[in-house]
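1. What would the 3D arrangement of this be:
(4 chains)
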Protein chains: 2
Amino acid sequence: MAKNLKLKSARAAMDMSQQALAEAVGVSRQTINAIEKGDYNPTLNLCIDICKALGKTLDEIFWGND
Amino acid sequence: MAKNLKLKSARAAMDMSQQALAEAVGVSRQTINAIEKGDYNPTLNLCIDICKALGKTLDEIFWGND
DNA sequence: TCTTTTTGTAAAATATACTTGACAAACTGT
DNA sequence: ACAGTTTGTCAAGTATATTTTACAAAAAGA
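-> Residues are numbered from 1 along each chain as shown, chains lettered A, B, ... in the order given. All right, here's what the predicted structure looks like:
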């Protein structure tokens, strides 16, 4: 339930909108929004795709958000 | 589709069976088996729980398995 | 060898990640 | 002030992660 601010800021650092990131990884904008908002639990493959799109690793974006 | 040998060996290093790890993280043994076998895509929360149970981070177990 | 534990695998059911479509609030640029 | 983009959110549907039950092969211990 904690917001994922690491994701939000990494996305901002790449100057990408939620929409642009969604398209880059092949999911809907709402899915990206929900992940940032923290109210759900993405699959590993999606996390990996997001990290690759943002030039980060899993630990940098999805570890220690509790 | 690639086997997750990092998971398998981290589990072995803790001397845990698939069953024991499954119980520790609250999923079925088949789920752990499938993740090690590599034929599916667990959720982030499960990955995190597995890492915590094994004393590892996401990057150590789930990054770079492609 | 015998027994027990561990692992591999499969099919049917359930829970939940993710989509689509839609609408309004907040922000950006002109 | 206005137009365009971005974000927040909702409800109903679809795809898929995970469970349950079950059986057999492989490994480990006595």
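
2. how about residue A:50, what does it touch?
-> A:7, A:21, A:25, A:32, A:35, A:42, A:61 (C-beta atoms under 8 Å, 6 or more residues apart in numbering or on different chains). Yep, even glycine has a C-beta here, placed from its N, CA and C like the rest.

3. List the residues that contact residue A:13.
-> By C-beta under 8 Å, 6+ apart, the neighbours of residue A:13 are residue A:54.

4. circling back: from the contacts of residue A:50, which are also near DNA strand C?
-> Residues of the contacts of residue A:50 in contact with DNA strand C (C-beta under 7 Å from any atom of the strand): A:35, A:42.

5. Take the contacts of residue A:50 and lay them out in JSON lines including distance to residue A:48.
-> Shown next, in JSON lines, are these (distance: C-beta to C-beta, whole Å):
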{"residue": "A:7", "distance to residue A:48": "13"}
{"residue": "A:21", "distance to residue A:48": "14"}
{"residue": "A:25", "distance to residue A:48": "9"}
{"residue": "A:32", "distance to residue A:48": "15"}
{"residue": "A:35", "distance to residue A:48": "13"}
{"residue": "A:42", "distance to residue A:48": "10"}
{"residue": "A:61", "distance to residue A:48": "10"}
